[in-house]
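[1] Predicted model, plus sequence, below.
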Amino acid sequence: MTTRAETVRRAERHELTFRGHRRRFLLLRPEPAGGPAPLVVDLHPSGLGPAAQLRGSGLGELAARGYAVAAPQGALPYQGGWAWSLPGVPLAGEERIRDEASDVDDVAFLRALLDTLDGMLALDPARRHLAGFSGGARLASHAAVAFGDRLASVACVGGVRRPGGPDDTAPPLLAVHGLRDDTNPYRGGAGPRWDEPVPDAVARWAEAAGCAAEPVRTEPAPGVTEFRHRDAAGREPVRLVAVTPLGHAWPGTPDPLLGGHVSGTGSDAYDASAAVRRFFEEFGGDRTAH
């Protein structure tokens with residue numbers, strides 16, 4: 001059985017020149033080769049990079065199931081890794097927006113990355129998915145508003161936001177968040193970086209997606225509560241999974257960095273990687289479902 005680390009080592013390393021900046025991304029081509037294939041773009045948290053994100057999320061394993069998987073790198077150096085530039089938002093632990101961030105538009109970069117990948121691979125334009133953790137999830141939230149009509153679904157772990165209004169695009173969403181998250185608190189915080197409570201952000205996403213305001217609540221496992229917003233067709237395209245024992249981490253991963261095993265913020269009460277894979281398949285993921 002191929003390990004996550006071995007999968008990451010097989011990834012191709014590419015560069016894209018965007019607005020004068022050399023931007024890097026990892027790429028795992030779909031296996032077996034063919035097309036048109038679904039695409040997953042996996043976004044790392046602040047302070048890490050694309051290889052660490054793929055090891056932690058395990059989404060690179062989808063390449064063996066016919067997906068193309070890309071993991072881009074943020075442009076801002078941050079705590080030994082990289083961070084994304086989000087509109088009007090400083091980085092965690094920083095009071096003001098960096099001067100160099102004004103020259104970086106990562107939402108536009110993601111749009112350009114989709115165009116580049118379309119030119120490199122035979123991809124199905126109806127089956128593009130975004131995933132991210134922490135700062136990567138926040139960037140995915142902005143992208144869903146800016147070009148959600150190009151996305152089949154979005155998965156946000158530890159960082160969902162809803163920067164748009166009720167008339168902006170809102171593709172299907174799976175949000176996973178820990179109730180013990182001190183970095184991006186579930187119940188909200190103060191200041192421009194993180195203010196709105198997570199359930200409120202998801203509720204506004206559901207409104208924009210045309211879903212019922214009141215979600216269906218279930219408890220699929222001890223310490224795990226799921227809220228699903230249903231649309232007029234009977235689907236449940238907007239979902240929030242709240243994990244009681246989880247801090248700021250990607251739950252269920254064996255990876256010590258994303259999983260929070262070193263800091264003690266992790267939890268195995270919920271397997272976010274498996275849930276994200278199922279969600280992508282449900283909303284247009286694998287070839288057999290199309």
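    Sure thing, it's come through. Numbers count the residues shown, from 1 in each chain.
[2] So which residues of the stretch 51-200 of the chain form strands?
    Shown for the stretch 51-200 of the chain, the strands assigned by DSSP state E, counting those that start in this stretch span residues 68-72, 76-78, 81-83, 123-133, 153-157, 173-178.
[3] The last one versus strand 123-133: what angle between them?
    Spelled out, it's strand 173-178. 20 degrees (axes from the mean of the first three to the mean of the last three Cα atoms, to 10 degrees).
[4] How far away from the center of its chain is strand 173-178?
    For strand 173-178, the separation from the chain centroid amounts to 9 Å (computed by Cα atoms, centre = their mean, to the nearest Å).
[5] Can you list the strands that it pairs with?
    strand 153-157 (parallel), strand 238-243 (parallel) (DSSP bridges).
[6] for the second one, same thing?
    Sheet neighbours of strand 76-78, with direction, are listed as strand 81-83 (antiparallel) (DSSP bridges).
[7] Name the nearest residue to Ala144, ignoring sequence neighbours.
    Val154 (5.0 Å; Cβ to Cβ, 6 or more residues apart in numbering). (C-beta placed from N, C-alpha, C; glycine too.)
[8] The one you found contacts Arg138, doesn't it?
    No - taking Cβ atoms under 8 Å as the definition, Val154 is not a contact partner of Arg138, at 11.5 Å.
[9] okay, these two: which has more neighbours?
    More neighbours surround Val154 than the other of Val154 and Arg138, with 29 against 26 (other Cβ atoms under 10 Å).
[10] what's the distance between that one and Thr2?
    Per Cβ to Cβ, to the nearest Å, Val154 is found 27 Å from Thr2.
[11] Same question for Ser134.
    Distance check for Ser134 against Thr2: by Cβ to Cβ, it reads 26 Å.
[12] The two: who's more crowded?
    The residue with more neighbours, out of Ser134 and Thr2, is Ser134; 28 against 12, by other Cβ under 10 Å.
[13] Chain neighbours aside, what residue packs nearest to the more buried one?
    Closest to Ser134 by Cβ to Cβ, 6+ apart is Pro45, at 3.4 Å.
[14] Repeat that for Trp250.
    Closest to Trp250 by Cβ to Cβ, 6+ apart is Leu258, at 4.1 Å.
[15] now Asp42, what's its secondary structure?
    Recorded secondary structure, Asp42: strand (DSSP: H, G, I helix; E, B strand; the rest coil).
[16] So in terms of bridging, what pairs with it?
    The partner residues for Asp42, given DSSP bridges, come to Ala131.
[17] coming back round to it: out of the strands of the stretch 51-200 of the chain, indicate the one that is most buried.
    Of these, the one with the most neighbours on average (mean count of other Cβ atoms under 10 Å) is strand 153-157, at a mean of 30.
[18] And that strand, how far out from the chain middle?
    With Cα atoms, centre = their mean, you get 4 Å for strand 153-157.
[19] outside of it, which residues touch it?
    57, 129-134, 137-138, 140-141, 143-144, 148, 171-177, 237, 250-251, 272, 276, 279-280, 283-284 (Cβ atoms under 8 Å, 6 or more residues apart in numbering).
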